[in-house]
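[1] Following is a predicted model, sequence given first.
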Amino acid sequence: MNEEIKVIKIKKEDGKELDVNWILDLGKRCIKKPSIYRKVFFELFNLKSFFSFSYIPDLNLILYSDNCLYYCNNCIFGFNININGEFSVFCNSIDYIISNTSINYEQLKIKQYEINFELPQCIKNNYIDFDIKFEYSKNIKFNLKKVYRTKLPCLLVLTITSKKEVYADKLVDIAYKIYEILMIYFGVGLDITNRILIVDDIKMHFYASIVDKYSCGIKNSVSFSNFVMIDEFSLNKEIWY
């Protein structure tokens, strides 16, 4: 996936829109420095004059590219001004970004959550079954699949599926509980390469920081590797009860 996205339009939560020429860096969760005319800048942010404010308000914005939209939470802006009276507006930090939606994470309902882990060399692939499935509850199913890639580390694809739409937090919490168990079994944190929220075949990629306790390389033991075989006997419904 291309990490740099050309943004052609932005929209505030109150519905106000503006055509722009911005570059969104998904990996770094920031907006690079473009130029925007002073008059349009004030119309967008409802400012009376440049010198009456020493900051740009932090905003939640919806960014549009040619073929996708991105919900950006808590965009923290900065700006410069050049000799032609144009502002260079940029965003140093975005708390999280979700593709293909205009809804914030707290209100988003999904049917499936997928998280991909890249296995370090210390993890023995032959100690992990190819495909592990079980019912987590009456409405929620679990699947952990091993995926080999040419000249790349092996992936573990963890998918939590619900029969009905639920708030994203519910499926995400289950996924991270399972990840905590994997960290115990492996003795080390795994590299999270992708997080996807899914509903009605719409895939919404989630970009945000990983909290320290889930970081890649965090060790839970002096020595680390597979402590147990990862299969239906070590990952099943009974381990939660």
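    Now that the structure is in, tell me what you want to look at.
[2] hey, which strand is longest across the chain?
    Ranked by residue count and defined by DSSP state E, the top strand of the chain is strand 152-167.
[3] got the contact list for the nearest residue to residue 139 once chain neighbours are set aside?
    Counting by Cβ to Cβ, 6 or more residues apart in numbering, residue 139 lies nearest to residue 163, which is 4.5 Å off, once chain neighbours are set aside. For every residue, glycine as well, the C-beta is placed using N, CA and C. The neighbours of residue 163, taking Cβ atoms under 8 Å, 6 or more residues apart in numbering as the test, are 111, 139, 140.
[4] In those residues, which residue is surrounded by the most others?
    Neighbour count (other Cβ atoms under 10 Å) singles out residue 111 as the most crowded of the contacts of residue 163, with 18 neighbours.
[5] Assumed that one was part of a helix.
    No: when DSSP: H, G, I helix; E, B strand; the rest coil is applied, residue 111 is found to be strand, with no helix at that position.
[6] my guess is it meets residue 160, correct?
    No: using Cβ atoms under 8 Å as the test, residue 111 is too far from residue 160 to be in contact (9.7 Å).
[7] For this protein, just list every one of the strands.
    Under the criterion DSSP E, strands of the chain are mapped to 4-12, 17-25, 30-31, 35-37, 59-64, 69-81, 86-99, 109-118, 131-135, 140-149, 152-167, 191-199, 202-208.
[8] Give me the angle between the longest one and strand 191-199.
    Looking back up the chat, that one is strand 152-167. Following axes from the mean of the first three to the mean of the last three Cα atoms, to 10 degrees, one obtains 30 degrees for the angle between strand 152-167 and strand 191-199.
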